[in-house]
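J.: what shape does this take:
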Amino acid sequence: MQRAGLVLPVAVWLLGLVSPPPKGLTFEYLATYTLLLAAIALVDQTAPPQSAPLWRRLGWLLVEIALCGLVVRTQGTLVRPALIYLLPVGRAIILFGERSGLLASLLVWVAYAINIAPGAWPDRLGDFPNYFSFFLAPYAVAVILSLAIVRQERARQRIQGLYDQLRVAHQELQVLHQEVRSAAVAEERNRLAREIHDGLAHYLTVANVQLEAAEKLGAERAHAALEHVHRARRLTLECLQDVRRSVAAMRAATLEELAIEPSIRRLVSEFAESTGIDVRLDVELAMADSPSPDLAQALYRAVQEGLTNVHKHARATTVDLKLSSSREAIVLEIHDDGAGSAVALNGHAADSSRYGLVGLRERVALLDGRLSFGPSPLGGSCLRLSLPARQSTKRATQDGLNV
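T.: Numbers count the residues shown, from 1 in each chain. Next up, the predicted model:
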């Protein structure tokens, strides 16, 4: 529309030279005609935005209509007025929008009619169709072109708005991605810490017991000491295998690799043989489906942590370990007949088993389970955890599909 504010006055000025008024191309006509069209071009370039106050837009439109009326009076023919009035009609629609702009353009049309009607009124009734077609054509062309410009600009603004929203959403997604990534890294670090503690700490504790016993035996009982060393060496190999299993489980563990009952029986046997503590194992898994890898790993680590704590703190001679299941839950209970333990699940205890119980609690919480630690009917302590069986069955199905 800015170009039209220059092109239309120039076109009208050229036509005014080709088809001058009856008096001819006088200096007065050329000067007045040129100054009026230059004024229209300059005024048009200062058009206020649509957000300007109503009085400012309306006043500007009236000034441009008045200048167009003076051009009509100066030139005195019909072609030039028909062209020059295209400019305020289009400006009215752009300044006031579609509905209000159409009403404002009617004001331009009325001014146009007042200017040319007295000199163009037909003498015969048969000339009225030609008269009205010439009278309405400029107005209709200006309205159609201006509406197309307005709607195109509105579509452009809508697309720009959508682009801005998309850009903001993209920035928010980037921030969210960084937060999720940071949370995932933190969670993975905690998981690795639990794996290292639950696996390495258990085996190294038992191996340390064997080496300590061999040291106490000394040279007098070299054969028995050597047996303890061999047992410690075997436990270190088990520790190495456990680390390898943990690393493999980070990639893709199968259900066979995490078979819970054989793993627990082997763990209990090694513990009893290494420490001399009598462990009575009772396994009653009545589930039709095997536990999921996550649940099986949580149970295995819970047995490791429970037995390690018994050996470190309980001073027990007997441990009752029971693993049972139903449709609703899988329950693990570890009872000892020792002196009890001051370790609490709130994580405020100062001994070395605090982190193990905190890590075990985190592991159980991730599976929506419950963990408790307190006195046992046997006189010592009891570690009990319950994990939902329905969730484990669902995860086992998904893991089976992934395998």
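J.: run through the stretch 301-403 of the chain and note the low-pLDDT ranges.
T.: 340-356, 390-403 (pLDDT under 70).
J.: so who does residue 109 touch?
T.: Each residue near residue 109 by CB atoms under 8 Å, 6 or more residues apart in numbering is listed here: 85, 89, 139. Yep, even glycine has a C-beta here, placed from its N, CA and C like the rest.
J.: hey, where'd the strands end up in the stretch 301-403 of the chain?
T.: Assignment of strands within the stretch 301-403 of the chain using DSSP state E, counting those that start in this stretch yields the ranges 318-325, 329-336, 370-375, 381-388.
J.: can you tell me which of the ones you listed is packed in deepest?
T.: Across the strands of the stretch 301-403 of the chain, averaging neighbours per residue (mean count of other CB atoms under 10 Å) puts strand 329-336 on top, at a mean of 23.
J.: tell me what angle that strand forms with strand 381-388.
T.: Going by axes from the mean of the first three to the mean of the last three CA atoms, to 10 degrees, strand 329-336 is angled at 170 degrees with respect to strand 381-388.
J.: now do the helix or strand hosting residue 212, average pLDDT.
T.: Assigned by DSSP states H and E, residue 212 belongs to helix 202-217. The average pLDDT for helix 202-217 rounds to 69.
J.: cool, stretch 139-147 as well?
T.: Stretch 139-147 carries an average pLDDT of 78.
J.: from the contacts of residue 109, which is closest to residue 308?
T.: residue 89 (90.5 Å; CB to CB).
J.: list the residues that contact the closest one.
T.: Residues in contact with residue 89 (CB under 8 Å, 6+ apart) are 105, 108, 109, 138, 139, 142, 143, 146.
J.: tell me what the longest helix belonging to the chain is packed against?
T.: Counting by DSSP state H, the longest helix found in the chain is helix 128-196. On a contact count with 3 or more CB pairs under 8 Å, 6 or more residues apart in numbering; DSSP states H and E, helix 128-196 meets helix 79-84, helix 86-96, helix 98-120, helix 354-366.
J.: TSV for these, including distance to residue 383?
T.: Shown next, in TSV, are the helices and strands packed on helix 128-196 (distance: least, CB to CB, whole Å):
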stretch	distance to residue 383
helix 79-84	96
helix 86-96	79
helix 98-120	76
helix 354-366	8
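J.: okay, those, which one's buried deepest?
T.: Highest mean neighbour count of the helices and strands packed on helix 128-196: helix 86-96, a mean of 25 (counted as mean count of other CB under 10 Å).
J.: mean confidence for that helix?
T.: The average pLDDT within helix 86-96 is 81.
J.: show me the shaky parts of the stretch 1-150 of the chain.
T.: Where the stretch 1-150 of the chain drops to pLDDT under 70, the residues are 1-4, 76-82, 116-135.
J.: what comes up buried for stretch 273-288?
T.: 274, 275, 277, 279, 281 (16 or more other CB atoms under 10 Å).
J.: among those residues, name the ones in strands.
T.: Of the buried residues of stretch 273-288, the ones assigned to strands by DSSP state E are 279, 281.
J.: nearest to residue 51, of the buried residues of stretch 273-288?
T.: Of the buried residues of stretch 273-288, the one sitting nearest to residue 51 (CB to CB) turns out to be residue 281, at 81.6 Å.
J.: pretty sure that closest one contacts residue 268?
T.: Yes - using CB atoms under 8 Å, residue 281 is in contact with residue 268, at 5.1 Å.
J.: so what sits against both of the two?
T.: When contacts are counted by CB under 8 Å, 6+ apart, residue 281 and residue 268 have residue 321 as shared neighbours.
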